[in-house]
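J.: for reference, the sequence and a predicted model appear below.
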Amino acid sequence: MKLIKVIIFLNLLLLFFFSSSSEILFASSNGKALTPAPPIEFQTQGLFDPKNKYLDQGRVFIKNNKNQTITISVNTESKSEVNSIGATVYLEKWNGTKWVQVGSGTTINTSKDWYFSGEVTKKAESGFYFRANVTHWISHNGVYEQGQTTTDYVLVG
């Protein structure tokens, strides 16, 4: 019985893997990509210290606008109202062997709040894979806390 459950689980995992990456596989096989696709990474999408006094969590989403720009949407949450809350957004490009930062980070933030939501639009070269790497942060009464999130990648066509 355990073996049957394991086989079913593995089949569902493979079905999810291939169905969720079909757009990426199709995009890279149709000649639009100038590099091989980045490897699939099984990782946590965010790293936040559970011992943080204020910073709770953050999320980041990436959208290919189909016009050689990418929009990165960010949410950062604190456990209570803080003096300043925000995020620093970095765009990364796959060069065929590793992720490299493109340009400098863009900092977006608000004051006297517990929740921040914002977005950044960045230019992206056609034919390359991009992802966002975001540092979520708070600053309150001399305390600075931060956490990281990373998006999946998108192919800019």
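T.: Received the coordinates, thanks. Residues are numbered from 1 along each chain as shown.
J.: Gly86 and Leu47: what is the separation?
T.: 17 Å (CB to CB, to the nearest Å). C-beta here means a position set from N, CA and C on the backbone, and glycine is covered the same way.
J.: the more surrounded of the two?
T.: The neighbour comparison of Gly86 against Leu47 (other CB atoms under 10 Å) goes to Gly86, with 21 against 13.
J.: bridged to that one, which residues?
T.: Counting by DSSP bridges, Gly86 is bridged to Asn109, Trp137.
J.: next one: the one 4 residues further on
T.: Per DSSP bridges, residues listed as beta-bridge partners of Tyr90: Asn133.
J.: would you agree it is in contact with Phe130?
T.: No - Tyr90 is beyond contact range of Phe130, at 10.8 Å (criterion: CB atoms under 8 Å).
J.: tell me the mean pLDDT for stretch 102-111?
T.: Confidence over stretch 102-111 (mean pLDDT, whole number) is 97.
J.: okay, buried residues for that stretch please.
T.: Buried residues in stretch 102-111, counted by 16 or more other CB atoms under 10 Å: Val102, Thr106, Ile108, Asn109.
J.: got those residues as a markdown table, with distance to Gln148 columns?
T.: Converted to a markdown table, these look like this (distance: CB to CB, whole Å):
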| residue | distance to Gln148 |
| --- | --- |
| Val102 | 17 |
| Thr106 | 16 |
| Ile108 | 16 |
| Asn109 | 16 |
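J.: quick check: of the residues you listed, which lies closest to Tyr54?
T.: Asn109 (13.9 Å; CB to CB).
J.: what separation do you get for that closest one and Phe61?
T.: In this structure, Asn109 lies at 18 Å from Phe61, with CB to CB as the measure.
J.: circling back: Val82: which of the buried residues of stretch 102-111 is nearest?
T.: Of the buried residues of stretch 102-111, the one sitting nearest to Val82 (CB to CB) turns out to be Asn109, at 10.4 Å.
J.: the closest one contacts Val82, correct?
T.: No - contact criterion CB under 8 Å: Asn109 and Val82 do not qualify, at 10.4 Å.
J.: related to what we said a few turns ago, between the buried residues of stretch 102-111, which sits nearest Thr76?
T.: Asn109 (8.5 Å).
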